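> for reference, the sequence and a predicted model appear below.
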Amino acid sequence: MPSIPVSSQIFDLAFHPTSSLVYTGLLNGEIKAFSYDEQGQHETKFSLRPSKRSCRGLATSEDGSKLWAVGKAKSIFTVDTETGDLVDTRAVVHDAPINRVKCLLPNLLATGDDDGVIKLWDPRKPESITTYTQHFDFISDFLWLADKKQLVATSGDGTLSVMDVRSKKTEPFAHSEDQEDELLSIVPIKGGTKVVVGTQLGILSIFNRKSGWGDCVDRVPGHPHSIDALCALPSSYPSSHSTILTGSSDGLIRAVQLLPTKLLGVIADHGEFPIERIEIDRAGEGRWVGSVGHDEVLRLTDLKDVFEDEDEADQDENAKSEVSGDRDSDEEEAVGLEAGEKMKGKEAREGLEDDDEEADGEADAGVVESAADKSADEDSDVPKEKKKRGKKPKDELQGRKKQKGKNELVMDPGFFSGL
């Protein structure tokens, strides 16, 4: 794991969006820039000290030509990354030390201070565009939602707020309920549909944008100490939509899978020093993870060594299981067909045999029964009853038949001679 010593505690780092350059903001107010190669070998590019007070936050422009620095001096310093020169200073633009800075759009910058005040800036204008005062404690982190042009801020007062930068209102678009814990970091997951917030108590709070920003929908405990920094994986990794990197005050950087929750492992260790910031180079799509803590060292971790070997192993395992599964399924299918045919033949034979047995049984039963009846009739002492002939059923359609001799009177022939 390559390490870059800087001789002072690092508060923040920022990578150039397209080049192999990294910038660090130090406790003594210095800003140091380093270049690095594929093997992690580094070289100092420039160093300047715009203020004697600590540099707490760094942000680069979209094209990487400018670097903004903020800190305890309550000022915004603009550095030309090509020359390493200080090109602009906005002195004392906040009433409290500035804790965070983030570039939102090519001409839009956001800053947040220790009193919870958030300001939006256009670098072309001397004064701030909008000021938000919904928080009363330090601003710990920013998240930019490009699809809705919304800025999400987390605060030490236990709440997060969402601001629509297109609106001229100074009230936030949404403001969460008190989470009863300091909110220290924020990162999107699931394609930006959900966001994860790191807290002082070591709990990951998950907010669902579709459900609103009023309260979190899930909480994932497990970290033994505060979660001061969060970072998303590059989109090229299959698990990037649900896997994040967490930096805790116990000095460990963990890879955590969410929904379902699973600890994938520890990818970096800063010893007993707390993790201040985590960031991935090339605008979050590179291979190097930069992490800083209180150990005065910038550590670079190669993601390929951490994830790609595992992914290849998983793919090989999956391929093997698929091949063996297909082979097994083919064998099972062949065996099943053969067994089925055998079963069908067997059932047919058994059915015929059963039919034959039933017919034979019926015939045998009839013979036995008639023989038994005959022998019973011969051996019985009970007098035989005469069988009565059954009457033929009447045919209702033919009517009644005339009965011969019915209702006739037998008379003397002389009775008619006198008539």
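Sure thing, it's come through.

> got the contact list for the closest residue to Pro97 other than its chain neighbours?
If the residues on either side of it in the chain are set aside, Pro97 comes closest to Lys72, at 4.3 Å by Cβ to Cβ, 6 or more residues apart in numbering. From N, CA and C alone the C-beta is placed, and that goes for glycine too. Lys72 makes contact with Ser51, Arg53, Ser54, Arg56, Pro97, Ile98 under the criterion Cβ atoms under 8 Å, 6 or more residues apart in numbering.

> show me where pLDDT drops low in the protein?
For the chain, applying pLDDT under 70 flags the ranges 309-419.

> now the helices for it?
In the chain, helices defined by DSSP state H lie at 303, 309-379, 414-417, listed in chain order.

> out of the contacts of Lys72, grab the one that's most surrounded.
Neighbour counts for the contacts of Lys72 (other Cβ atoms under 10 Å) peak at Ile98, which has 25 neighbours.

> now do it against His225, distance only.
26 Å (Cβ to Cβ, to the nearest Å).

> also Trp288?
Noted for Trp288: a distance of 25 Å to His225, by Cβ to Cβ.

> could you do Val162 as well?
28 Å.

> neighbour count winner among the two?
Val162 (20 against 15).

> and that one, how far from Asp147?
Distance of Val162 to Asp147, computed by Cβ to Cβ: 13 Å.

> now Leu233
According to Cβ to Cβ, Leu233 stands 20 Å off from Asp147.

> kindly report the same for Asp305.
When Cβ to Cβ is the yardstick, Asp305 and Asp147 sit 33 Å from each other.

> which of those two has more residues huddled nearby?
The neighbour comparison of Asp305 against Asp147 (other Cβ under 10 Å) goes to Asp305, with 12 against 7.

> hmm, back to that, distance to Glu296 added to the contacts of Lys72, as TSV?
As requested, the contacts of Lys72 are exported to TSV (distance: Cβ to Cβ, whole Å):
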residue	distance to Glu296
Ser51	19
Arg53	18
Ser54	13
Arg56	16
Pro97	21
Ile98	22
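
> which one of those residues is nearest Asp281?
Asp281 lies nearest to Arg56 out of the contacts of Lys72, by Cβ to Cβ, at 21.0 Å.

> just give the nearest non-adjacent residue to the closest one, would you?
Spatially, and ignoring its direct neighbours in sequence, Arg56 is nearest to Gly71 (4.3 Å; Cβ to Cβ, 6+ apart).

> ok, Cys55 next?
Nearest to Cys55 is Gly25, by Cβ to Cβ, 6+ apart, at 3.4 Å.

> the one you found: what's it in contact with?
Neighbouring residues of Gly25 by Cβ under 8 Å, 6+ apart: Ile10, Phe11, Asp12, Leu13, Ile31, Ser54, Cys55, Arg56, Gly57, Leu58, Ala69, Gly71.

> wait, the first one touches Gly293, no?
So the one you mean is Ile10. Yes: look at Ile10 against Gly293 with Cβ atoms under 8 Å: they come within range, at 7.4 Å.

> pull up the overlap in contacts between those two.
Glu276.

> does Gln257 touch Ser240 like I think?
No: Gln257 lies out of contact with Ser240 (Cβ under 8 Å); the separation is 10.6 Å.

> out of the two, which sits in the more crowded spot?
Taking other Cβ under 10 Å, Gln257 and Ser240 do not tie; Ser240 has more neighbours (17 against 14).

> nearest spatial neighbour of the more buried one, chain-adjacent residues omitted?
Among residues not flanking Ser240 along the chain, Leu233 sits closest, at 4.1 Å (Cβ to Cβ, 6+ apart).

> contacts only, for that neighbour.
With contacts defined as Cβ under 8 Å, 6+ apart, Leu233 is in contact with Ser239, Ser240, Thr243, Ile244, Leu245, Ile280, Leu303, Phe307.

> need the buried ones from these selected in ChimeraX.
Command for ChimeraX that selects the buried part of the contacts of Leu233, burial taken from 16 or more other Cβ atoms under 10 Å:
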select :240,243,244,245,280,303,307
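
> just flag the most distant two among the contacts of Leu233.
Maximum distance among the contacts of Leu233 (Cβ to Cβ): 14.6 Å, for Ser239 and Ile280.

> any idea what Met163 is bridged to?
Met163 has the following beta-bridge partners by DSSP bridges: Leu151.

> can you name the residues that contact the residue nearest to Asp85 when sequence neighbours are not counted?
Nearest non-adjacent residue to Asp85, counting by Cβ to Cβ, 6+ apart: Val79, 7.0 Å away. By Cβ under 8 Å, 6+ apart, the contact list for Val79 reads Ile31, Leu48, Pro50, Lys66, Leu67, Trp68, Ala69, Asp85, Leu86, Val87.

> filter those residues down to the buried ones, PyMOL style.
The following PyMOL line selects those of the contacts of Val79 that are buried, judged by 16+ other Cβ under 10 Å:
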select buried, resi 31+50+66+67+68+69+86
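
> narrow the contacts of Val79 to those in strands?
Members of the contacts of Val79 lying in strands (criterion: DSSP state E): Ile31, Leu48, Lys66, Leu67, Trp68, Ala69, Asp85, Leu86, Val87.

> what's the neighbour count on the closest residue to Leu259 other than its chain neighbours?
Of all residues not flanking Leu259 in the chain, Ser242 sits nearest, at 5.8 Å (Cβ to Cβ, 6+ apart). The number of residues packed around Ser242, counting by other Cβ under 10 Å, is 18.
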